[in-house]
Structures are given as structure tokens and as C-alpha cells.
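Asker: starting from these lines, generate the structure:
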Amino acid sequence: MSGPRASSPPADDRLVNLGLVLLGAVAILGLLVWAAGETGALIASGEPTGVGAAGAARVIAALPSHIGDPAGAWPESVRGRLPGPFGFWALLAGMVAAAAGGGLAVAAAWRRLHRDRQAWPARAGARGREATGL
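Answerer: This next block holds a predicted model:
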């Protein structure tokens, strides 16, 4: 007799999960945009922008209209500290690549760990039978 079949989650759960994943991705991207600005300011001028969470949200909202000049999305008082467009976008691309690579590595390790945990009882049972000669 086999155990209960695993069923796929209801459509509502999948929609909620998709929404949570998208929300998380937007939050991470926002954090990376802020980090690229802060890092760029440190490299270009030697001092951070000092833009906090509320200011970072305004920067992220304004950035799409300042693609050619990302510094224009930051408050006017700190724009001079930021690198030019190439420096900002290069930093952001590097940070996104590092975050994606780290995320993929964690996902691969998680899958491997989960797979090994599921296979462990079967392997342990096989070793036990071999050891007892059954």
C-alpha cells in the first residue's frame, strides 16, 4: 500500500507564493539600488549619501525617469557624491550578479540537502541489510 499522493497546491496558494516572490524580488532589487548608490558615493567622493530607508524608497521610485542620469534620482544635496551613469549601472549590475549567484548557490545547496535527507533512510536501510547479511 502506498502513502498519500503529493498534490500540487491550490491555484490560490500558487498566486500568493508568486506575489510573495515578486514582492521579495522588488525589495531585494530596491536594496541593491540603494547599495549601489551608497557604494558608488563612497568610491566617487569618499563619503556616503546618508539616504535612509524613506529616501531610498523615493530614489527607487524616481530612478525609472532618470535612467540616463541615475544621480538625478537621489536628493539634490547628495547628487555630486554619486558616480556617473556608467559607474552606477556597473556597480548595480555587479551587485545583481553577485546576489543572483549567491541565491542560486543557496538554492542548489538547499535542494541537495533536501534530496540527501529524503534518500538517507533508504541508504541507511540498505547499509543495515548489508551489515547483517539479510
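
Asker: distance of A107 relative to L113?
Answerer: For A107, the distance to L113 equals 11 Å [Cβ to Cβ, to the nearest Å]. Placement of C-beta: from N, CA and C, glycine included.

Asker: overlap in contacts, the two.
Answerer: Counting by Cβ atoms under 8 Å, 6 or more residues apart in numbering, A107 and L113 have no shared contacts at all.

Asker: return the distance of the longest helix anywhere in the chain from the chain's centre.
Answerer: The longest helix of the chain (DSSP state H) is helix 85-132. Distance of helix 85-132 from its chain centroid, counting by Cα atoms, centre = their mean, to the nearest Å, is 15 Å.

Asker: helices and strands around that helix, which ones?
Answerer: helix 11-45 (3 or more Cβ pairs under 8 Å, 6 or more residues apart in numbering; DSSP states H and E).

Asker: other SSEs contacting the helix it packs on?
Answerer: Applying 3+ Cβ pairs under 8 Å, 6+ apart, we find helix 11-45 packed against helix 53-62, helix 85-132.

Asker: list the buried residues of the first one.
Answerer: Right, the one you point to is helix 53-62. For helix 53-62, a neighbour-count test (16 or more other Cβ atoms under 10 Å) marks 55-56, 59-60 as buried.

Asker: measure how it sits relative to helix 11-45, angle-wise.
Answerer: Orientation of helix 53-62 against helix 11-45 (axes from the mean of the first three to the mean of the last three Cα atoms, to 10 degrees) gives an angle of 100 degrees.

Asker: what mean pLDDT does helix 53-62 get?
Answerer: For helix 53-62, the mean pLDDT works out to 89.

Asker: stretch 83-91 too?
Answerer: Mean per-residue pLDDT for stretch 83-91: 95.

Asker: try stretch 32-44
Answerer: 94.

Asker: can I get the buried residues of helix 53-62 in a markdown table with distance to E76?
Answerer: Listed next are the buried residues of helix 53-62 as a markdown table, based on distance: Cβ to Cβ, whole Å:
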| residue | distance to E76 |
| --- | --- |
| G55 | 12 |
| A56 | 16 |
| V59 | 12 |
| I60 | 17 |
